[in-house]
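Asker: Predicted structure and sequence below. I'll ask about it afterward.
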Amino acid sequence: MPAFLITVVDDDGSVRESMSSLLRSVGHAVKEFGSAEELLASPGLDTTDCLITDVRMPGMSGLELQRRLALSHPQLPVILMTAHASDEEVRLRALKGGAMAYLSKPLDEEALLGAIETAIRERGGEAT
């Protein structure tokens with residue numbers, strides 16, 4: 001898989017750290033943010049190849065972040081993750097809103113890497 005810039009948004013620092021470690025181990029560059037608000041206030045969102053965000057966070061939720069990015073960055077693939085995978089209504093809202101994947105925590109590493117590859121490929125990237 002070629003290297004891409006993956007942005008991770010999660011209020012849990014240990015989740016961000018473990019995910020970043022995994023992504024870097026396969027050659028990706030990673031940006032981390034503790035909230036949706038931090039991400040939106042930062043420069044460089046246009047260089048992100050794929051965004052992975054938690055659904056439930058203090059302040060702006062991952063679903064609201066996805067909605068905003070669908071308007072401002074419609075080509076940015078978004079993957080949502082949650083520890084509350086049994087909430088079917090949220091999963092449907094995420095997928096109808098354009099999420100490329102909806103993953104359960106704890107994340108399966110192969111499922112995450114596969115979702116990233118698929119998301120980038122389907123949005124016109126060069127993942128192979």
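Answerer: Ah, there it is. From a predicted model like this one, the values you see are computed outputs, not experimental measurements.
Asker: Only C-alpha atoms from now on, for both contacts and neighbour counts.
Answerer: Will do.
Asker: how many other residues sit next to residue 44?
Answerer: Using other C-alpha atoms under 10 Å, the number of residues around residue 44 comes to 9.
Asker: Go ahead and confirm residue 81 touches residue 53.
Answerer: Yes: the pair residue 81 / residue 53 is scored as a contact, 6.2 Å apart, by C-alpha atoms under 8 Å.
Asker: isn't there a helix covering residue 56?
Answerer: No: with DSSP: H, G, I helix; E, B strand; the rest coil as the criterion, residue 56 is assigned coil and is not in a helix.
Asker: In space, not sequence, find me the middle residue of this protein.
Answerer: Centroid-nearest residue in the chain: residue 52, 1.0 Å away (criterion: C-alpha atoms, centre = their mean).
Asker: one step back: of residue 81 and residue 53, give the one with the bigger neighbour count.
Answerer: Higher neighbour count among residue 81 and residue 53: residue 53, with 28 against 25, using other C-alpha under 10 Å.
Asker: residue contacts, that one?
Answerer: 8, 9, 10, 62, 78, 79, 80, 81 (C-alpha atoms under 8 Å, 6 or more residues apart in numbering).
Asker: switch the cut-off to 7 Å
Answerer: With contact set as C-alpha atoms under 7 Å, 6 or more residues apart in numbering, residue 53 has these partners: 8, 9, 10, 62, 79, 80, 81.
Asker: so where's this structure shaky on pLDDT?
Answerer: 1-2, 85, 125-128 (pLDDT under 70).
Asker: where do the helices sit along it?
Answerer: 13-25, 36-41, 62-72, 88-96, 109-122 (DSSP state H).
Asker: For those helices, give me TSV that also has mean neighbour count and distance to residue 4.
Answerer: Formatted as TSV, those follow (neighbours: other C-alpha atoms under 10 Å; distance: least, C-alpha to C-alpha, whole Å):
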stretch	mean neighbour count	distance to residue 4
helix 13-25	16	9
helix 36-41	15	18
helix 62-72	18	19
helix 88-96	15	23
helix 109-122	17	9
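Asker: could these go into a markdown table alongside distance to residue 103?
Answerer: What follows is the helices of the chain, written out as a markdown table (distance: least, C-alpha to C-alpha, whole Å):
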| stretch | distance to residue 103 |
| --- | --- |
| helix 13-25 | 13 |
| helix 36-41 | 18 |
| helix 62-72 | 13 |
| helix 88-96 | 9 |
| helix 109-122 | 8 |
